[in-house]
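> just to be clear, the model below is a prediction. Sequence and coordinates:
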Amino acid sequence: MSTPTASDATATAHEWPLWEVFVRSKAGLDHKHCGSLHAADPRMAIQLARDVYTRRQEGTSVWVVRSDQIVASDPGEKSMYFDPAQDKVYRHPTFYVLPESVDHM
Amino acid sequence: MQAISIHISQDPAVQYLLRIGDTCLILAQRLSEWCGHGPVLEEDIALSNMALDLVGQARAVLTRAGQIEGCGHDEDQLAFLRDERDYVNVTLVELPRGDFAFTVVRNAMVATLLKLLWERLATSSDKELAAIAGKALKEARYHQQHAADWVVRLGDGTAESRRRTEAALKTLWRYTPELFVADAVDEAAHATGLGPRWADLQEAWTGEMAQILAAASLATPNESAFRSTGKQGVHSEHMGYILTEMQYLQRSFPGGVW
């Protein structure tokens, strides 16, 4: 593996930013993350999202978000964040009998 | 079946439709040459999508032209079995694809023309054509927006992108007067309500192109004295080559389907 050089860093700096793409498949449903793409500006990102991710009628609406604007949890803190929920079955609403009128809740 | 060339009726309604169908068909072929060669993957897909939209439009219009002609020619025969002189696309679309700047400037010009044309054809006296236009208009509006945004980015971009965009514009602009030359085919379409005289679209086309170029800080070139004649079936030296490539399969394996 070669060591990154100064010119590599420059090349990366000149790349178009990365955008995350969210597509809503039909009215009433939520936007779902479906992938990412490179684009120079928001307009281009929306157009390319349309061209790359909705070619087969997958969507009725698209969102794009600059990937560097997304704040994510730290993978290293996965156990601290998420494991404590493992033995708390009482947090699942499975101990209640729902009235029939809300059966599909 | 023999791969002999078919010959086409000179009926003005048929010729009017062939001009539209052939313009879509030949530009689709040029755009498809970008497949796998786009500047970035996403744009590669976008260009291929546009090529496919144009193929769809060409198929619909050529099918309708064959029906009106009434000689039993279907879309495939019309697309692949005519001789060069029987194609009546505007010369602009047969020019080699050039660099990316050339491609997006041409796309902006043709999409603007087709958008204006489909808008008018949506009320054609021919119900079939009106239905085709209704669908195609949505596609053309997107093609125009996508191409125009690129013209602005490149024209108002780096020194290199601006140089290339200006060069493309200068070359392509020489082929624009042909779009609006009035003749008997257009006159007949106007008289029967089939579609507008293309000359009647010139003012709107010039206005929309001026807006795009102004946004890109590019000057609209002066009108050239040169007149290309693709709509009359007299093409540039590039036409034979593109047809050779397009027609190869049907000429080698007549009637081949898969």
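Great, that's in hand.

> near chain A, which residues of the stretch 51-200 of chain B?
B:Y142, B:Q145, B:H146, B:D149, B:R153 (Cβ under 8 Å from any Cβ of the partner chain). For glycine as for every other residue, the C-beta is placed from the backbone atoms N, C-alpha and C.

> please pick the buried ones from those residues.
In those, burial by neighbour count holds for B:Y142, B:H146, B:D149, B:R153, counting by 16 or more other Cβ atoms under 10 Å in any protein chain shown.

> return the member of these nearest to B:L18.
Ranked by distance to B:L18 (Cβ to Cβ), these are led by B:Y142 at 24.8 Å.

> could you identify the helix or strand that succeeds the helix or strand encompassing that closest one?
Applying DSSP states H and E as the criterion places B:Y142 in helix B:127-155. Where DSSP H and E defines the elements, the next helix or strand beyond helix B:127-155 is helix B:159-173.

> what comes into contact with that next one?
With contacts defined as Cβ atoms under 8 Å, 6 or more residues apart in numbering or on different chains, helix B:159-173 is touched by B:92, B:95, B:98-102, B:105-106, B:109, B:151, B:153-157, B:213, B:216, B:218, B:221, B:223-224.

> which helix is the longest one in chain A?
Assignment by DSSP state H gives helix A:42-53 as the longest helix of chain A.

> quick one, that helix and helix B:127-155 angle?
In terms of direction (axes from the mean of the first three to the mean of the last three Cα atoms, to 10 degrees), helix A:42-53 departs from helix B:127-155 by 130 degrees.

> from memory B:G193 sits against B:S125, does it?
Yes - here B:G193 reaches B:S125: they are 3.4 Å apart, a contact under Cβ atoms under 8 Å.

> chain B contacts on chain A?
Residues of chain A lying near chain B by Cβ under 8 Å from any Cβ: A:16, A:37-41, A:43-44, A:47-48, A:50-52, A:55.

> I'd like to know which of those are buried.
In these, burial by neighbour count holds for A:L37, A:H38, A:A39, A:M44, A:Q47, A:L48, A:R50, A:D51, A:V52, counting by 16+ other Cβ under 10 Å.

> and the third one, how far is that from B:Q250?
Translated: A:A39. 39 Å (Cβ to Cβ, to the nearest Å).

> where does pLDDT dip in chain A?
Residues of chain A meeting the criterion pLDDT under 70: A:1-13, A:103-105.

> so the residue nearest the centre of it, which state does it fall into?
Chain A has A:H33 as the residue nearest its centroid, 3.9 Å off, counting by Cα atoms, centre = their mean. Three-state assignment for A:H33 (DSSP: H, G, I helix; E, B strand; the rest coil): strand.
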